[in-house]
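K.L.:
predicted model, plus sequence, below.
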Amino acid sequence: MKAYFVRTSTDKLLDPFDPSWAAADLVSMKMETPPIGNAPSNYFRALDPTKIGKIKNIEVSALHNGEALFFRLTWQDPNQDLGMDSPGRFRDGAGILFPFLDTARINNMGSKNEPVNAWCWQAGIETPYNVTAAGLGTTRREGKSYCLASPVWADGRWTVVIARPFTVPEPDLNVALGPGMKKLVGFAVWEGSNAERAGAKSFCGNWYEVEIAP
Amino acid sequence: MPYDLMKKKNLESCRRQIAMVLDTNKCLDCQTCTIACKTLWTYHEGKEYMYWNNVETRPGAGYPRGWEKMGGGWLPDGKQLHLGRVPDLAAEYGEAWEFNREEVYFGGKFGNERLKPQGDPKWGPNWDEDQGAGEYPNSYFFYLQRICNHCTHPACIEACPRNAIYKREEDGIVVIDQDRCNGYQFCIEACPYKKIYFNAVTGKGEKCIFCYPRIEKGVANACARQCPGRLRFVGYRDDQDGPIWKLVDKYKVAIPLHPEFGTEPNVFYIPPIGPPKFDQNGRLTDPIKDPRIPIEDLRELFGPAVDQALEVLHQEMQKKRNGGPSEVMEILIAREWKNNFKI
């Protein structure tokens, strides 16, 4: 996957329907149910995996403007789930995962010595959470989130741009990104109406490589 | 970073276990306990529908409605969990009602307009309070007081993928770390007693904390201290001079609710004896051979141990009637209310 450079302001690139996005490659991803056999909860392991991971396909594009890296995710979803406004309701969501070290495994959300960094957007919440993890069940929303998101739900489809500036402090909480770099990246989506939350989600199965143009 | 996920057995372990015994026979259904809890812990936005303490009439659907059939708890092996579900706010918990107070008290209609809930509520806590079961003159009901059971083998702790729930080492009180909780609600599904609630304002799970800030100061829980019926006893499981050990272990008259759920509750009940029945001639029948509250109902709630508990209670009551001493009855009568608590 290539993140081409475009001379477009951050405000405009956050618009999922800005014409600049026409220049981006479109990568179609088949989504999978995460392995639940090693989940850190007997209860979670008892869930029926055939009912988890309702969203089977997403399309991803990437761009940068020298200031920030932008991902545009889009997938079909007839229900717009915006809230946890009462018990048993869950939000739609999308996550973008980066390993701090390329040896980290995507299946396990990293490990103690191979932590990972994720940007987690949830429908109805303006700023995506910046999350670090060192294995399943260890995600932490630590420090300030520098992530930006701009979601549009229309005609039974989410289209969401999620971005983060290249230059941010706290390198142990925010993976290093910049023009000319190649980074591993993974994607996940949550279908709120299917009670998807935590490890109950669809994920892309393997790391992709994003090549950030110089 | 990195964060170590503790083993579940470490989250479940504690040095001592605090516990409560509730004497269902003394309950007035006045709901003072419910309001004591509500005004202390759940009066904030997002908690309107929550009753960490509730009193429900049995036979009845309970709160949330039909909670016993919503799943959760352990399979007989004690390792695998039953899947459960999250109750529905309007249909099963019952939404907090808004009343037309403004109109009745300040709208100049006093005496003409009655105070009533707005909208058309179809359910609420203890909606079926005055129904019970059976046929007059032998109709029956009793009151069941419910808080979190602060279980020894809690399904909620096992269900949380983030290890946000743990037992306090010093007293075994089960609490949710509000910083760790992400509001996933697996704990609500897994708790067979449905005593964890979701706060939609904070996006986190909440539950009875056994008033631990009071316990730490040697003061009993608000629900227990406020009870006019003196039916609640609080103390440590291993304190052989306290009321809990005597009622639970020495005399075995206090038993847990739904032991088959496998979570090993630390809240125990003195089962209801109920008044005697009338026969066809209007005479009272033998309450042991022919109890008004069907023993099957009680076995369903408290398991097979209820038979022995009732037998001991009847024996101890008879001792008193005969003018003899009974340690069990002295404890349960609670002449000096402070003796109900040994913290």
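P.N.:
It's in. The structure presented is a predicted model; accordingly, all values stated were derived computationally and were not measured. Numbers count the residues shown, from 1 in each chain, chains lettered A, B, ... in the order given.
K.L.:
burial count for the nearest residue to B:Pro76 once chain neighbours are set aside?
P.N.:
Leaving out its chain neighbours, the residue that sits closest to B:Pro76 by CB to CB, 6 or more residues apart in numbering or on different chains is B:Gly262, at 7.2 Å. Where you see a C-beta, it was placed from the backbone N, CA and C, and this is true even at glycine. Neighbourhood size, B:Gly262 [other CB atoms under 10 Å in any protein chain shown]: 20.
K.L.:
again with A:Asn206
P.N.:
For A:Asn206, the tally of surrounding residues (other CB under 10 Å) stands at 12.
K.L.:
wait, A:Gly66 sits on A:Gly180?
P.N.:
No - counting by CB atoms under 8 Å, A:Gly66 stays clear of A:Gly180, with 11.1 Å between them.
K.L.:
name the residue in those two with the higher neighbour count.
P.N.:
Under the criterion of other CB under 10 Å, the comparison of A:Gly66 against A:Gly180 puts A:Gly66 first, with 12 against 8.
K.L.:
who are the neighbours in contact with that one?
P.N.:
A:Gly66 sits next to A:5, A:166, A:179 when contact means CB atoms under 8 Å, 6 or more residues apart in numbering or on different chains.
K.L.:
mark which of these are buried, thanks.
P.N.:
Applying 16 or more other CB atoms under 10 Å in any protein chain shown to the contacts of A:Gly66, the neighbour count classes A:Phe166 as buried.
K.L.:
save the contacts of A:Gly66 as CSV, and put in pLDDT too.
P.N.:
Compiled in CSV, these are given as follows (pLDDT from 0 to 100):
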residue, pLDDT
A:Phe5, 98
A:Phe166, 98
A:Pro179, 98
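K.L.:
closest one of the contacts of A:Gly66 to chain B?
P.N.:
Checking the contacts of A:Gly66 against chain B with CB to the nearest CB, the nearest one is A:Phe166 at 21.3 Å.
K.L.:
my read: the closest one touches A:Val175, true?
P.N.:
No - between A:Phe166 and A:Val175 there is no contact under CB under 8 Å: 10.8 Å.
K.L.:
shared neighbours, those two?
P.N.:
Common neighbours of A:Phe166 and A:Val175 are not found (criterion: CB under 8 Å, 6+ apart).
K.L.:
any idea how far B:Pro291 is from the closest residue to B:Lys109 other than its chain neighbours?
P.N.:
Distances taken as CB to CB, 6+ apart put B:Glu103 closest to B:Lys109, at 6.1 Å, once the chain neighbours are dropped. Note on B:Glu103: its distance to B:Pro291, by CB to CB, to the nearest Å, is 48 Å.
K.L.:
neighbour-wise, which of those two wins?
P.N.:
Neighbour count, other CB under 10 Å: between B:Glu103 and B:Pro291, B:Pro291 has more, with 21 against 15.
K.L.:
who's in contact with the closest residue to that one other than its chain neighbours?
P.N.:
Using CB to CB, 6+ apart and skipping the chain neighbours, the partner closest in space to B:Pro291 is B:Gly274 (6.2 Å). If a contact means CB under 8 Å, 6+ apart, then B:Gly274 has B:140, B:142, B:287, B:291-293 as its contacts.
K.L.:
what do you get for B:Arg58?
P.N.:
With contact set as CB under 8 Å, 6+ apart, B:Arg58 has these partners: B:141-144, B:297, B:301.
K.L.:
hmm, try it at 6 Å
P.N.:
B:Arg58 makes contact with B:142, B:144 under the criterion CB atoms under 6 Å, 6 or more residues apart in numbering or on different chains.
K.L.:
beta-bridge partners for it, please?
P.N.:
B:Phe142 (DSSP bridges).
K.L.:
check the offset of stretch A:8-19 from the chain's centre.
P.N.:
18 Å (CA atoms, centre = their mean, to the nearest Å).
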